[in-house]
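S.K.: Sharing a model that was predicted from the sequence below.
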Amino acid sequence: MAVGINRNFIRSAFVLISLIIVSLISWNTYSFFQKFKAEERVKMENWSFAQIDITKNLDADTDIGELPIKILSSNKTTPMITVSKKGEINFNNIDEEKAQDSIYISNLIQQFKKENTPIEIKYDNEVLSTLYYGNSPLLNKLKYYPMALVLIIVLFAAVAYFFYRSTKIADQNKLWTGMAKETAHQIGTPLSSLVGWNEILKSEKVNEEYLLEIEKDINRLQTITERFSKIGSIPNLDQHDIVAVTRDSYQYLKARSSKLIEFEISAPDEVIHVKLNEPLYSWTIENLVKNAIDAMKGKGKLQVEIVKDQKFVHILVSDSGKGIPRHLFNTIFEPGYTSKKRGWGLGLSLAKRIIEDYHKGKIKVKHSEINKGTTMQISLRIL
């Protein structure tokens, strides 16, 4: 418990520190942007003063001097447009071809008005022209820097999260694989003993019906052991008749389920071959049937139907239980999800892995209505 609390504290602290760092960087960038913008404003005001100075010297018929000309020619980055009181337009640092379009210039003036307050160039209290200027390319790049930085941090966090999640899932898979193989090993010892005791009972001439049922359960335990031993390894797929295998699983489960469950199976009278690992497929059918029985609370109708089309065979398991909300159609296949008070929520996740990862098929909720029932569908390619 303490370890879990410490991990949560570290994660919360990491998120908080990250947010503080991003906030500080964003604030500093914004402050620098505003300062840089103010400096550009000063440059533009100096440019307007130089323009006024040149106008004064021309009126006085005196030497203009180098400083005003140098100030006017020094601006090589900030886009600007001057409109005289007569409507004459001059521009700097704007594409000359585009500037020939009056609509483009008009739109640009409106854009510059939004970016910066226009500067009036006055001489003897008379407005000679109005200066409209926009943000320089460097200022525009600086404006988007915080967003780019946040995006980079988000991407980095996403990569770190997925790496952590993948590592955690891999560790969990190793743990489940080890537990499954150890379970298979532990079952093997008493199972061998049961086989021996069954042979002894045969020699004692015990009722053959009893021995037959014991033998069925021993075979079932051997099947379960084989299932667990295959977890974590790639199973062998052989050619099997899906109808026969499904019927065998159905009959076994029917014989050992409550008499309050009305079982029904519908299958074509033909052999349908698919690539199959029989123990794992039977495990999937068992999980679906047991989930259906749980959904009906041990009483209702359960139907298994096998339907064939041109490329696939579909195995449908339907019940008359409580149903599944549509928003949970995918969630129920996630490891750990369960609607029961007891259980680890591994049945359907194992079924999905067996069908989709090992058999390259598909398993899904085909249809469900609350308090009416659910139909699960397995689809496998026909050979």
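M.R.: Nice, thanks for sending it over.
S.K.: Quick check: mean pLDDT of stretch 75-84?
M.R.: Stretch 75-84 carries an average pLDDT of 85.
S.K.: Okay, now that stretch: how far is its last residue from its first?
M.R.: 19 Å (Cα to Cα, to the nearest Å).
S.K.: and what of stretch 289-307?
M.R.: So stretch 289-307: terminal residues 18 Å apart, Cα to Cα.
S.K.: Show the backbone phi and psi for the residue nearest the centre of the chain.
M.R.: Nearest residue to the geometric centre of the chain (Cα atoms, centre = their mean): F162, 9.8 Å. Per-residue torsions, F162: phi -70, psi -30 (degrees, to the nearest 10).
S.K.: All the strands of this structure, residue numbers only.
M.R.: Taking DSSP state E as the test, the strands found in the chain are 80-84, 89-92, 119-123, 126-133, 238-241, 261-266, 273-276, 300-308, 312-319, 362-369, 373-381.
S.K.: What is the lowest-mean-pLDDT helix or strand in the chain packed up against?
M.R.: In the chain, the helix or strand scored least confidently by mean pLDDT, DSSP states H and E is helix 137-203, which has a mean of 73. If contacts are counted by 3 or more Cβ pairs under 8 Å, 6 or more residues apart in numbering; DSSP states H and E, helix 137-203 sits against helix 2-59, helix 208-230. Backbone N, C-alpha and C define where each C-beta goes, glycine included.
S.K.: Domain-wise, how is this structure divided?
M.R.: 2-135, 158-233, 236-381 (automatic domain parsing).
S.K.: Would you mind finding the most buried of those domains?
M.R.: Stretch with highest mean neighbour count among these: domain 236-381 (a mean of 17; mean count of other Cβ atoms under 10 Å).
S.K.: re the thing from before, can I get the helices and strands packed on helix 137-203 in CSV with mean pLDDT and distance to S318?
M.R.: Formatted as CSV, these follow (pLDDT from 0 to 100; distance: least, Cβ to Cβ, whole Å):
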stretch, mean pLDDT, distance to S318
helix 2-59, 75, 41
helix 208-230, 75, 25
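S.K.: okay, the ones you listed in CSV with distance to K311 next?
M.R.: CSV is the format used below for those (distance: least, Cβ to Cβ, whole Å):
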stretch, distance to K311
helix 2-59, 47
helix 208-230, 27
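S.K.: wait, what's in contact with the nearest residue to Y210 once chain neighbours are set aside?
M.R.: Using Cβ to Cβ, 6 or more residues apart in numbering and skipping the chain neighbours, the partner closest in space to Y210 is L201 (8.0 Å). By Cβ atoms under 8 Å, 6 or more residues apart in numbering, the contact set of L201 is 210-211, 214.
S.K.: same deal with L108?
M.R.: 79, 81, 94, 132, 134.
S.K.: Which pair of these spans the longest distance?
M.R.: The most widely separated members of these, counting by Cβ to Cβ, are I94 and Y132 (10.8 Å).
S.K.: between the two, what contacts are shared?
M.R.: Common neighbours of I94 and Y132 (Cβ under 8 Å, 6+ apart) are 80-81, 108.
S.K.: L139: what's it in contact with?
M.R.: 33, 36-37, 40.
S.K.: Now flag whichever of these is closest to E262.
M.R.: So of these, ranked by how close each gets to E262 (Cβ to Cβ), first place is F33, at 73.7 Å.
S.K.: Of all the helices and strands packed on helix 137-203, which one comes closest to N140?
M.R.: Comparing those by Cβ to Cβ, helix 2-59 comes nearest, at 10.1 Å.
S.K.: So what's the gap between that closest one and the chain middle?
M.R.: On the basis of Cα atoms, centre = their mean, to the nearest Å, helix 2-59 sits 34 Å off its chain's mean C-alpha point.
S.K.: H314: what's its closest spatial neighbour, skipping adjacent residues?
M.R.: V307 (4.6 Å).
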